[in-house]
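Participant: Pasted the sequence and its predicted model underneath.
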Amino acid sequence: MALQAVALALLLLPAAGALILALSALSISRRVVRLLGPGVVWLGFLCTLVLFVDSLQSGGPHDFSYWTWIRSGAFSLPANLLVDRLSVFMCLVVTGVGGLIVTYAVGYMDHENDASYARFFCYMDLFIFSMLLLVLAGNFVFLIMGWAMVGLSSYLLIGFYYWRYSAVAAARKAFVMNVVGDIALVLAAFAIFAQYHQTTYAGVFGALPRADDPWVEVIGFLLLVGGIAKSAQLPLHTWLPDAMEGPTPVSALIHAATMVTAGVYLIGRMHPIFDLAFWAHSTAALIGAVTALVAATIGIVQTDIKRVLAYSTMSQIGYMFLGVGLGAYAAGFYHLLAHAFFKALLFLGAGNVIHAMNDEQDMRRYGGLWKQLRPTSICFLIGSLALVGIFPLVGFFSKELILGDAFSKPDQGGFPQVMWAVGFLTAVLTGFYTGRMWWIAFWGEPARDRPVEHPHEAPPVMLVPVVILTVLTCIGGALQVNAGFDIPWRQVEDFLSPVVGPLPWSPRGLEWIPTAATLLLGGVAFLAAYNFYVSRVWRPWSAAVPWLQRLLERKYYFDEIYDAVFVRTMDGVANVGDRFLEEPVIDGAPTGVAAVAEAGAGTLSLTQSGYFRTYVLVFVGGALLGLAVILLARTAG
Amino acid sequence: MPDYGQIQVGSGTLDARLVLGLAVVLFVLGAVGVLIRRNPIVILVCIELMLNAANLTLIMFAAQLHNLEGQLFTLMTMTVAAAEAVVGLAILVDIFRVRDVDDVDQLSELRG
Amino acid sequence: MLTALWLVPVVGALLVGVVLPRRLARPVGLATALVTLVLALAAAVAFQSGHQGYQYEEYVPWIRDYSIAYHLGLDGISLWLVLLNALLTVVAILAAGDRVARRGGFIALILLLEGGMAGVFLAADLLLFYVFWEAQLIPAYFLLWQWGEGDRANQAATKFVLYTLVGSLLALVAVIGEYVYAGGGAHTFDLATLAKQPPSPGIQFGLFFLFGLAFAIKVPLFPFHGWLRDAYAAAPVPLLVTFAGVMGKTGAYAMLRILVPLMPHPVLWWDWNAVVPILAVLGIAWGAFMAIAQRDMKLLIAYSSVSHMGFIVLGIFAFNQQGQQGAVLQMVNHGIIVPALFLLVGWIAVRTGTRDRTRMKDLAPRMPVLAGVFMVVTLAALGLPLLNSFAGEFMTLLGAWQFSPWLAVAGCLGLLLAPVYMLRLYQGLMYAAPGEQLPPPGDHGHHGAHPAAETATVARTDLAGGELALLVPLLVLMGLLGLYPYLLTQAMNSLGYPLPVPWR
């Protein structure tokens, strides 16, 4: 009972915070906002710790029902929360990393006016609530609610600077593309109910068929589309780079650490379905691998520091999809956790830099920050190295675990090994673009057009969360250290295996070879970027293949194609339909009928000559005709 | 069929074809009058002629079929005819008062 | 009790419109509407779910020779619509405020409209239903004609009345047809009896068309929404509260309570029941596309209504409990959202002097409260989960999926396009226009002297307290019904007479 209340409190605390802030945004004092905004998240973290301790002790899943959301015939849906190790794991990330980032925002957003300040924390708390709802939901409808609500919070926060049209447009784009995913989930829920007559996770997973069922594949693919849209995987990824229009803490929390990893959570949560749906499951891995590679290539040519990080996020989530798509769930979630640490670190570090540079985001205009922003620079370097996957940072252990599991997975005609190869190539590219970012922004001489001559380090409220994340990035790898080697210290896997099961295949003992290769080549690529972009010892590669640079700079023309195919078609249908069908035909039909009646009446009235005789003649003629007809009929009969 | 064309009139008989022929003659006179005459009074008279032709037929058949309904209906028709003549004449008088016409062809205000 | 639900507004209308002086019009009208609302609420509170048959019933023989009765009944469906009707009438009268000319007449007619529509929801006798059905048209016509906006209000009113009359006169034929052919020769107008013994499929087909056309025009169902554009453009906002909020639902209600139970198998050549969902899906998509094309804010919302009403019809003709209960949910939800939208849009139009959405921008810093409220209503309208519309749309589409998955997939097009037109509207009004990069707002939440108002003059700024108070109940309901739709559906199993697919 107590635990049930704690789970509900975990959910309601951020919701209450958001509601209070929303109702009083115009009058609340800044000091209260500073306390309330992050406060509710930290209280949520405390609740999560309670649940965490319980899950370590009992380990059993709790299914808490609170009220009946709806009941309609066979469709009965309780408002229930599922507290098991997977959801507790996600809650820890959401409230822990979330708490750090929201605290950071207290300093970062300080130059906003009072109303905007309150509005920001209202949205942030709303997001935390939505994300918790997403991971705690115990049935498909509540999952969809959380799913759509995080989309809403993301929309609100991307469009936070609503006085800039670019932010407004980016927000709408993100919302609509996320709705595509929401709809896929809704359809999946329909199919699940229609096939298995269940609505809760427990019910559905219990009712899944043992034998082959084509509907499982359909459901799997629909769920996958939902995950792809939320996690910015190909081909529904174009909103994420634009989402960088939002304030930097938002990018750190939503578009790096938590929301965009919801797709990974979804596949992990739905693993009983995906384990049965071979094609959907493998497609997830394939999409993850392709996205990882494509995003990494685009990341090489970006100049906006946040966009580089955005593409690296896409790329890293691609790794997670690769992992969970192949069935290495624990590895995928380990990377999710690691990514939450180091990518939040990178974004917050970038936030410090942007803050110091008067909101300039073009990293070609930085340079030489290492000397002036030493603490931030060190943290950012550690984050970068974790992104590259350098030992002994957390990124090394988690990424190599995914790649190692892919490398060793048997069967499937070498498909996992191909996925591994793509992942390996991506790792090298990751080293390169991360190195490029690091060297250009922090090393070398200050750029001539740098906006600020003598930048100031961020205040403590912003620096402390960054430092904490740095520490987590450094020591997080201690959770599970079997990357490439058969070391039985696997805390993440052991923790999650009651939910997602243990890894169904065992390592071949050869994983250390690819691990070493990845580490080596990634590090070399990181260093090689120095020669390209700082010392310029080597000729720019883009001079050799200008078409490739253009292709990458235009991001493979996804935006242009979508605009032409979808946006313009939609507007075209709307406008043409309105002008040529709605107005003249549907709207005009009643008027048209009236006009026809009027014209007809005009014609008929000509027969009214006004001459008495004509009428009589017609009358007599008619009478005679009638008589003739009767007589003829009688003679004929 | 000796009785077919005969109707009983008092103690004697009368050939029904004669009566019907008279009715036809009256009716055609009336109809042609309505069609070709222009004086509204004459037209009214002609309408009365047609009505009476119909009355004659009704009475003739009533007598032939020994059915009183025909005679009853004739009474009805005569009443209606009287009423109609009253209304028609009243309208005509009014028209004369206003327009001073005696030709129905000039009364074509209702042309569409 | 039930009689009071329609008679109180009618008596109130007579008092306000004929007897009392003008300055008493508003207080008395409001009191009347409130009394009706309290009566409806009392019925809702005392309602026992699980009870079979009409929960409240009134039966007085009217014309014995043709077994026509004054027969009213309240069950789990009509309860919510009567309640919605009563609530929205209060909102409408409050919204009419002081700005409406010839207030007495306006309020009297709004009350008459309420009475007519309440009668439609309450009637348990087909002929009585028809009487109320026609009665609601009369006040609507005068309201549109006399209080319409723009110079074509007269035409719009005529068009609306003639269009709907075509349908309802055909429905009169169908009413007689039901009497002659159905009920196992019982020759009755009693709905429960008629529902027990429908006529043969061929006859059903004919009656289905006659009734269906009348109801489809009222809803309006694509492609019978020809009257809507002019009528909604002409209707004043306080009228739209009940006109858009409730009147369309009389059509949907009649589909669910008359068309479906009385003519469950209209089969000639093929099953015509299957044609309606296709029209509904077409309407969902068509309404959404047309909403995208509109520049007039009122028309945009009018077409979004066409799209949303499509969901309701789709749910009704999914022929399963989820779809049909979802349709009832959606009737209530749409009845809560659309008035709020029209009110907000109307207030914005009053402030800026235009209804053309492309001539406005950057309103959010000037009217932050309005922007916030509008945001919530916008989100409810585009079907955001946790707000009410999601529950209805989810259930109707779930029903449609069980009927035919492709219909649900096609219906989802409406869910996809709703954010497009609603967000374009909202963002266009409230936020920066294309190409703008304004400085952040200063310390008082307002932009400095930037050229936001070059196109439209902002007369008054933020939402007044009274206006906000008007919306608060609607906003609370949006949240409540999003979190707890079972509140509504738990009463729905108690029906006056069963549907072809029984609700359990």
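Facilitator: Now that the structure is in, tell me what you want to look at.

Participant: tell me which element the closest residue to residue A:294 other than its chain neighbours is part of?
Facilitator: Nearest-residue entry for residue A:294: residue A:234, 6.2 Å, with adjacent residues in sequence omitted and distances by Cβ to Cβ, 6 or more residues apart in numbering or on different chains. In short, each C-beta sits where N, CA and C put it, glycine included. Residue A:234 belongs to no helix or strand when assigned by DSSP states H and E.

Participant: Tell me, how many residues neighbour residue A:234?
Facilitator: Counted with other Cβ atoms under 10 Å in any protein chain shown, the neighbours of residue A:234 add up to 20.

Participant: can you pull out the helices in chain B?
Facilitator: For chain B, the helices defined by DSSP state H occupy B:16-36, B:40-65, B:69-99.

Participant: Packing partners of the shortest one?
Facilitator: To tie it back to what came earlier, the one meant is helix B:16-36. helix A:612-636, strand B:6-9, helix B:40-65 (3 or more Cβ pairs under 8 Å, 6 or more residues apart in numbering or on different chains; DSSP states H and E).

Participant: Save those as TSV, and put in mean neighbour count and mean pLDDT too.
Facilitator: Formatted as TSV, the helices and strands packed on helix B:16-36 follow (neighbours: other Cβ atoms under 10 Å in any protein chain shown; pLDDT from 0 to 100):
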stretch	mean neighbour count	mean pLDDT
helix A:612-636	11	87
strand B:6-9	14	72
helix B:40-65	18	89
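
Participant: one step back: how about the helices of chain B, which one is nearest residue C:389?
Facilitator: helix B:69-99 (67.7 Å; Cβ to Cβ).

Participant: The closest one - what's its average pLDDT?
Facilitator: Average pLDDT, helix B:69-99: 88.

Participant: Repeat that for stretch C:137-146.
Facilitator: Taken as a whole, stretch C:137-146 carries a mean pLDDT of 90.

Participant: what's the single longest helix in chain C?
Facilitator: Chain C, longest helix under DSSP H: helix C:321-352.

Participant: what's the distance between the nearest residue to residue A:239 once chain neighbours are set aside and residue A:238?
Facilitator: Of all residues not flanking residue A:239 in the chain, residue A:174 sits nearest, at 4.1 Å (Cβ to Cβ, 6+ apart). Residue A:174 is 9 Å from residue A:238, where distance means Cβ to Cβ, to the nearest Å.

Participant: which residues of the stretch 401-550 of chain A fall in strands?
Facilitator: In the stretch 401-550 of chain A, no strands are defined using DSSP state E, counting those that start in this stretch.

Participant: got the residues of the stretch 101-250 of chain C near chain A?
Facilitator: C:159, C:162, C:163, C:223, C:225, C:226, C:227, C:229, C:230 (Cβ under 8 Å from any Cβ of the partner chain).

Participant: The second one reaches residue A:597, doesn't it?
Facilitator: In this case it means residue C:162. No. If you go by Cβ atoms under 8 Å, residue C:162 and residue A:597 don't touch, sitting 10.6 Å apart.

Participant: of the two, who's got more company?
Facilitator: Neighbour totals were compared for residue C:162 and residue A:597, and residue C:162 leads with 14 against 10 (other Cβ under 10 Å).

Participant: least trustworthy helix or strand in the chain by mean pLDDT?
Facilitator: No chain was given, so I picked chain A. helix A:541-544 (a mean of 76; mean pLDDT, DSSP states H and E).

Participant: The chain in question should be chain C.
Facilitator: Each helix and strand of chain C was given a mean pLDDT (mean pLDDT, DSSP H and E); the minimum falls on strand C:267-268 at a mean of 76.

Participant: for it, packing partners?
Facilitator: helix C:201-218.

Participant: What mean pLDDT does the helix it packs on get?
Facilitator: Mean predicted lDDT for helix C:201-218 stands at 88.

Participant: Give the next helix or strand downstream of that helix.
Facilitator: Defined by DSSP H and E, the subsequent element after helix C:201-218 is helix C:228-234.

Participant: In terms of secondary structure, what does that next one contact?
Facilitator: helix C:153-181, helix C:297-316.

Participant: what does whatever helix or strand comes next after it contact?
Facilitator: Proceeding C-terminally, helix C:228-234 gives way to helix C:237-242 as the next helix or strand, assigned by DSSP H and E. When contacts are defined by Cβ atoms under 8 Å, 6 or more residues apart in numbering or on different chains, helix C:237-242 is touched by residues C:85, C:88-89, C:91-93, C:95-97, C:100, C:106, C:110, C:113-114, C:117, C:143-144, C:147, C:232, C:298, C:338-339, C:342-343, C:345-346.

Participant: In terms of pLDDT, where does the closest residue to chain B within the stretch 51-200 of chain A sit?
Facilitator: Nearest to chain B, among the residues of the stretch 51-200 of chain A, is residue A:176, at 59.7 Å (Cβ to the nearest Cβ). According to the predicted model, the pLDDT of residue A:176 comes to 89.

Participant: residues touching it, list them.
Facilitator: Counting by Cβ under 8 Å, 6+ apart, residue A:176 touches C:416, C:419, C:420, C:423.

Participant: Kindly check the end-to-end length of stretch A:605-617 for me.
Facilitator: Chord length of stretch A:605-617, first to last residue, is 18 Å (Cα to Cα, to the nearest Å).

Participant: what's the residue nearest to residue A:446 when sequence neighbours are not counted in contact with, if anything?
Facilitator: The spatially closest residue to residue A:446, leaving aside those adjacent along the chain, is residue A:368, at 3.9 Å (Cβ to Cβ, 6+ apart). The contact partners of residue A:368, taken as Cβ under 8 Å, 6+ apart, are A:442, A:443, A:444, A:445, A:446, A:447, A:450.

Participant: before we move on, what about residue A:267?
Facilitator: Here residue A:267 is in contact with A:223, A:224, A:227, A:274, A:284, A:321, A:324, A:325, A:332 (criterion: Cβ under 8 Å, 6+ apart).

Participant: check contacts around residue C:468.
Facilitator: With Cβ under 8 Å, 6+ apart, residue C:468 has these contacts: C:369, C:373.

Participant: ok, now with 10 Å
Facilitator: Taking Cβ atoms under 10 Å, 6 or more residues apart in numbering or on different chains, we find residue C:468 in contact with C:369, C:370, C:373, C:462, C:475.

Participant: could those residues be laid out in a markdown table, adding neighbour count, pLDDT and distance to chain A?
Facilitator: Output for the contacts of residue C:468, formatted as a markdown table (neighbours: other Cβ atoms under 10 Å in any protein chain shown; pLDDT from 0 to 100; distance: Cβ to the nearest Cβ, whole Å):
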| residue | neighbour count | pLDDT | distance to chain A |
| --- | --- | --- | --- |
| C:369 | 16 | 86 | 7 |
| C:370 | 24 | 87 | 12 |
| C:373 | 22 | 91 | 11 |
| C:462 | 16 | 77 | 9 |
| C:475 | 17 | 92 | 11 |
